[in-house]
Structure formats: structure tokens, C-alpha cells
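*Asks:* Have a look at this fold, sequence not included:
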């Protein structure tokens, strides 16, 4: 197998997630329906894959306990907040804020993972990424098409980044404890269960009112933008060096913006381009000065 094949599949899948989510929200499907359906569909696919791929088998209580925690902190909470943010933000803004997750993960790892302390050499990269965020939001946010409540959307997205960073650090810690592969199905089961339990108390869209085109988008989001890239990245981790795997974190936001321009008709501005370059460049600098930047559910090391 060409080592780039699963990595490209993961990048394209994750890059399409924000576009599919924004399309679903625009069609009238509630955030609190999109999120549990996304993880539920992905869970079905992953359970099916586990019948043929032994990496997801051999679960024990340690995996389920840790997977329950990750399902809430690393999947359900950040994805719900990101999706709520996309109610107010175009993909070209909300999708780029996702690029800050590796930086947040480095910060989370400082407190949660032994021997992975924050390196002061990461500070220039952090400052560059923050400047990029300021340019993207402060300069470009008000002039973008499709912006609702700018600061609510940005605030929700940045809180989601923080949760995702903590989730990434916990994923690394738990993967070192019990192995990352056994955490995959438990965390998706946890995220699905939490979402379904919350649905009766939230503003959801009745499943009976979802039409064929909306179901097609939901299935694409759960399969092509969640289960496939997650599985593809695990395969890529077997045949690629971690330095090459890091490419995914840099390229996914660019793919998301490109797809949004093509399929959602979003317009690129100078502020978006400058902000994107600064954010991604800052994250690259942070990663280059860190011993390890964990990826949720994957046990890899430099």
C-alpha cells in the first residue's frame, strides 16, 4: 500500500466534515440531532469494521472506563460546541479555528501527560497562531458572508478547541496506559449514548421530518467524514512516520476552506488567507518544538 493513500483519505474525510455540517445546519437540521446521528452512524460502521479488523477487538473494562471519559471530553462536548459555532460562522472561519487544536493539545499535555511538559520554545509559534486568530476574527470576521453572531460563534469554537485539546491530551495519556486501539469503539459508543440521552431535553429535529437529502448528508458525515478518516488514520499511523502524520493537522483546515468555496459558495478574503497562514504556521512551529502532539485515539510517537 502506498503510505500516502490512507493519509490522504483521512485528510479529505476530516476536511469535508465542516462543509457537510454547515450544509446540514443550513437545511434546517438541529445541532443536537446532527451530533448524535453523526457519531451513531460512525459507531455502526466501526463496529462492522471490527468484525474484520482485530485492532478494535479485545476490549476490557479499562478501555470502557477511559472510553466513556473520552467520549464526553474528546468527542461529544467539542463537536457539539463546534457545530453550534457553525450555526453562526462560515466554514472559512470556523474551520480554520479548528487548526488551533494541536496547540491546545500541547497545553493540555503539559498537565495531563507525564514527561510532555510545555516547551518554552513553543511560545513564538503560540504567539503567531494567536495573531493569526486575531487577524481572522478581528479583521476578516465582520466582512465575511454568512456570519451570524460573530462573537458567539467564535467563543463557542474556542471553548471547543480547549475541550478538544484536553481530550487529545487525555487520549495520549490513556493510550499509553491501555493502548489506543481499544479506546476507539468505547469513546464513539459513549459520545453516541450521551447525545441520544440528551436529545429529549434539547431543541432537536424529529427524525421523521428529515428528508432523503438530509439523511444522505448525515450518512456522508458519519461515514465519509468520521468513520472512514478515523480508520484511515489508524492505518496511516502503521505505515507513516509521525512527522508525516502531522501533515494532516496542517492540511485539513485548508481542505475545509477549499471545499467550502467550491460547494457552499463561500468567498475568500485577504484576511482569511493571512489568518490561515499565520494560524497554521504557528501550529507548525509549536509542533516542531514539542516532543509529541497526540492525536485522539491514536498511539503514535515521534
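*Replies:* Nice, I can see it. No experiment lies behind these values; they were computed from the predicted model shown. Numbers count the residues shown, from 1 in each chain.
*Asks:* could you show me where the helices are in the stretch 201-302 of the chain, in order?
*Replies:* For the stretch 201-302 of the chain, the helices defined by DSSP state H, counting those that start in this stretch cover 212-222, 228-239, 242-245, 247-263, 270-288.
*Asks:* Please compute how far the lengthiest helix in the chain lies from its chain's middle.
*Replies:* Selection of the longest helix in the chain by residue count, based on DSSP state H, yields helix 150-178. Chain-centre distance of helix 150-178: 9 Å, with Cα atoms, centre = their mean, to the nearest Å.
*Asks:* as a whole number, average confidence for that helix?
*Replies:* Summarised as a single mean, pLDDT over helix 150-178 is 90.
*Asks:* Distance to residue 93 and mean neighbour count for the helices of the stretch 201-302 of the chain - can I get that in CSV?
*Replies:* Glycine gets a C-beta too; all of them are placed from N, C-alpha and C. Formatted as CSV, the helices of the stretch 201-302 of the chain follow (distance: least, Cβ to Cβ, whole Å; neighbours: other Cβ atoms under 10 Å):
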stretch, distance to residue 93, mean neighbour count
helix 212-222, 20, 17
helix 228-239, 22, 21
helix 242-245, 26, 14
helix 247-263, 9, 20
helix 270-288, 7, 20
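*Asks:* for the longest helix of the chain, packing partners?
*Replies:* Packing contacts for helix 150-178, counted by 3 or more Cβ pairs under 8 Å, 6 or more residues apart in numbering; DSSP states H and E, involve helix 61-70, helix 77-85, helix 91-97, helix 101-112.
*Asks:* Report the inter-axis angle for it versus helix 61-70.
*Replies:* Angle of helix 150-178 versus helix 61-70, following axes from the mean of the first three to the mean of the last three Cα atoms, to 10 degrees, is 170 degrees.
*Asks:* so helix 150-178 versus helix 101-112, what angle?
*Replies:* 50 degrees.
*Asks:* which parts of stretch 69-87 are buried?
*Replies:* Neighbour-count burial for stretch 69-87, counted by 16 or more other Cβ atoms under 10 Å, picks out 69-87.
*Asks:* chain center to that stretch, what's the gap?
*Replies:* 9 Å.
*Asks:* Then stretch 258-268?
*Replies:* On Cα atoms, centre = their mean, the centre of stretch 258-268 falls 19 Å from that of its chain.
*Asks:* and what of stretch 193-205?
*Replies:* Taking mean C-alpha positions (Cα atoms, centre = their mean), stretch 193-205 and its chain are 21 Å apart.
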